[in-house]
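J.: Here is my input; please provide its structure:
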Amino acid sequence: MSLEVRVAGQLRQVELRREGDRYRGHVGERPVDAEVLEHGSGRLQIRLGEKVFDVTVAGDGARLLLDLGSHQVAVEILDPLRTRVTEGVVGEPRGRREVRAAMPGKVVAVRVNVGDEVARGQALLVLEAMKMENEVPAPRAGRVVSVGVAPGHTVETGALLAAIE
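T.: Okay, here's the model as predicted:
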């Protein structure tokens, strides 16, 4: 499988082939040899070299929040039908893009206001989930047209956090 992903604002090309419970290939230039030891509803145990990671996956399939225990990593799987150009993506849908909670949590900070211009990947707010603070990034560049939460609000998975046009 070949995909393009965005991890912490950085684009990475992922090339993996499955061999039973193992995945071999590359993430960017870095070789990967991973083994899935266990899996269940939103949880994986993965061995990378000598290290074993308990991974909790939450998201909508295109945007994932990987809980690695000591920290969390936001990963966006990019649509392979879009054409990539140096900094952005040609053919990105126009119009309103809603930003929803990938998991339940508490809003710690809101970093934007309605009317603000934002860049793709810019932090919109900070959501505390599973005792970790996670920045929620803008899915695209645009203008913030709504902010549906405030610091201290508790949200459920799928709750509307903000919208960008």
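J.: confidence score at residue 12?
T.: For residue 12, the pLDDT comes out at 84.
J.: wait, doesn't it sit right on residue 5?
T.: Yes: taking C-beta atoms under 8 Å as the definition, residue 12 is a contact partner of residue 5 at 5.3 Å. (C-beta placed from N, C-alpha, C; glycine too.)
J.: who touches the strand or helix carrying residue 14?
T.: Residue 14 belongs to strand 10-19 when elements are defined using DSSP states H and E. Applying C-beta atoms under 8 Å, 6 or more residues apart in numbering, the external contacts of strand 10-19 come out as 1-6, 23-28, 32, 78, 84.
J.: Among these, which one lies nearest to residue 115?
T.: residue 6 (25.6 Å; C-beta to C-beta).
J.: how far off strand 10-19 does the helix or strand hosting that closest one point, in degrees?
T.: Assigned by DSSP H and E, residue 6 belongs to strand 2-7. Interaxial angle, strand 2-7 versus strand 10-19 (axes from the mean of the first three to the mean of the last three C-alpha atoms, to 10 degrees): 140 degrees.
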